[in-house]
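Enquirer: Predicted model and sequence follow; I will ask about them next.
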Amino acid sequence: MPTIAPFELSGHCIAAAYLWDSPFFALADGTVHRLDHGAHSSNPHDGLLCAARTPAGDQLITGGEDGKVTATDRSGATTVLAEYPGKWITCVAAGPQGAVAFATGRAAMVRKSDGTLVEFQEQRTVEGLAFAPKGMRIAAARYNGVSLHWAGLQTEPVDLDWKGAHTLVTFSPDGKYLVSSMQENALHGWRLKDGKHMRMSGYPAKVKSLSWSAKGKWLASSGAPAAIVWPFSGKDGPMGKAPLELGTRGDTTVTCVACHPTDDAVAIGYGDGMITVARISDGKEAVLRRGGRGAVSTMGWSRRGVQLVFGTETGDCGVADLTA
């Protein structure tokens, strides 16, 4: 049976992630906590709104109500990457070559590893950002669609239009597809080679969590009584295919998903604090956590996929160890 090491904090946990072998927890009050031979904390923000782990897993990028964009490394040291006094940094993304993207209002910025900034102006507020898996291409989710920009080139953006408010955005690991979460309890996708639309609807609640499987064949999502897992293995993605439903429960909603780093399995967090892990091939489940205080808001796997760090909306955090 997995064992749970609880870590009681105070307030909404925005992000829980491993930086190498140390669990980190970023809270809405602006504190970042880490477990490394004891509990440690720092205060990089006066109010924290968003966070993203770098692809290398060596830094946690955060944005706050104080207008700061910071990077916290695995020792807990914090570096201010950008500062916009009086502004809110509403979303961040970490990309290749040490690049970081962040947004405030209608402006999206890409900070390159040498510190230079490239700014893109949108007609509406930027709600979500994502880097393509290769190159310096950035996607900005906004009202009525997503804009694609090249950070290093003076070119016009590619506009992927679809009516409604788009909040989260993610590229498939092979770079062939782009998927956004919408305010209207649905996902919308585009096949990038020809702009073909993909509608993924039927959710009873808003989709606030998306996670790609290790090889990019599946996209797991929250927003239903089960983890809704869409197939992306064919040339048409999920078009004309039904999704899998994993970890179905009748009394609560899935609030967070996190695919395993090497296996086709997904951790599923629920509104009552319960966490399970389900195998995609046959739906077999194992309970990692029976429940707790508050909905699961964030989860992250260790590098080898044998520990899972989690946080909730009430600060009821901890680490599940699957090796026990």
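Expert: Looks like it came in fine.

Enquirer: could you give me the average pLDDT of stretch 253-267?
Expert: Per-residue pLDDT values over stretch 253-267 give a mean of 97.

Enquirer: Same question for stretch 38-45.
Expert: The average pLDDT within stretch 38-45 is 94.

Enquirer: Name the residues of it that are buried.
Expert: 44-45 (16 or more other C-beta atoms under 10 Å). (C-beta placed from N, C-alpha, C; glycine too.)

Enquirer: Kindly report the same for stretch 105-122.
Expert: Buried residues in stretch 105-122, defined by neighbour count with 16+ other C-beta under 10 Å: 107-112, 118, 120, 122.

Enquirer: Can you pick out the most distant pair from those residues?
Expert: Taking C-beta to C-beta as the measure, these reach their widest spread between K112 and E122, a distance of 19.9 Å.

Enquirer: shaky segments in this protein?
Expert: Low-confidence segments of the chain (pLDDT under 70): 1, 324.

Enquirer: which residue ranges form the helices in it?
Expert: Shown for the chain, no helices are assigned by DSSP state H.

Enquirer: before we move on, the earlier item: would you turn the buried residues of stretch 105-122 into a markdown table with distance to R290?
Expert: Formatted as a markdown table, those follow (distance: C-beta to C-beta, whole Å):
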| residue | distance to R290 |
| --- | --- |
| A107 | 44 |
| A108 | 41 |
| M109 | 43 |
| V110 | 43 |
| R111 | 42 |
| K112 | 45 |
| V118 | 47 |
| F120 | 45 |
| E122 | 44 |
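
Enquirer: Looking at these, spot the one nearest N43.
Expert: Of these, the one sitting nearest to N43 (C-beta to C-beta) turns out to be R111, at 21.9 Å.

Enquirer: Specify the beta-bridge partners of that closest one.
Expert: Taking DSSP bridges as the rule, R111 bridges to V100, L117.

Enquirer: mind checking how far it is from A151?
Expert: 9 Å (C-beta to C-beta, to the nearest Å).

Enquirer: Next up, the contacts around T262.
Expert: Each residue near T262 by C-beta atoms under 8 Å, 6 or more residues apart in numbering is listed here: 214, 304-305.

Enquirer: Please disregard the earlier target; I meant T72.
Expert: Counting by C-beta under 8 Å, 6+ apart, T72 has contacts 19, 24, 32, 42, 44, 59-60, 62, 78-79.

Enquirer: Same check on A56?
Expert: Per C-beta under 8 Å, 6+ apart, neighbours of A56: none.

Enquirer: So that it lines up with my notes, have the first residue be 59 from now on.
Expert: Done: numbering now begins at 59, and the last item shifts to A114.

Enquirer: how close does it sit to P154?
Expert: Between A114 and P154 the computed distance is 10 Å (C-beta to C-beta).

Enquirer: now stretch 180-198, how far from the centre of its chain.
Expert: Centroid separation between stretch 180-198 and its chain, computed with C-alpha atoms, centre = their mean, to the nearest Å, is 14 Å.

Enquirer: quick one: buried residues of it?
Expert: If you call a residue buried by 16+ other C-beta under 10 Å, then stretch 180-198 has these buried ones: 180, 182, 184-191, 194-198.

Enquirer: same question, stretch 103-119
Expert: Buried, per 16+ other C-beta under 10 Å, within stretch 103-119: 103, 106-112, 115, 117-119.

Enquirer: and those residues, which of them are in strands?
Expert: In this view, the buried residues of stretch 103-119 that belong to strands under DSSP state E are 106-111, 117-119.

Enquirer: Let me have the residues you listed in CSV, adding distance to V312 as columns.
Expert: Shown next, in CSV, are these (distance: C-beta to C-beta, whole Å):
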residue, distance to V312
L106, 24
L107, 23
C108, 21
A109, 21
A110, 21
R111, 21
Q117, 28
L118, 24
I119, 26
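
Enquirer: Could you name every residue contacting both of R169 and A209?
Expert: Here R169 and A209 have A157 as joint contacts, going by C-beta under 8 Å, 6+ apart.

Enquirer: still on that earlier bit, which members of the contacts of T130 are the farthest-apart pair?
Expert: For the contacts of T130, the maximum inter-member distance is 15.0 Å, found between F82 and T137 (C-beta to C-beta).

Enquirer: the strands in the stretch 109-258 of the chain, which residues?
Expert: 117-122, 126-131, 136-141, 149-152, 158-162, 165-169, 175-179, 186-189, 195-208, 216-229, 235-240, 244-249, 254-258 (DSSP state E, counting those that start in this stretch).

Enquirer: Stretch 261-279 spans what distance, first to last residue?
Expert: Length of stretch 261-279, first residue to last, C-alpha to C-alpha, to the nearest Å: 10 Å.

Enquirer: and it, how far from the chain's centre?
Expert: Averaging C-alpha positions (C-alpha atoms, centre = their mean) puts stretch 261-279 10 Å from its chain's average.
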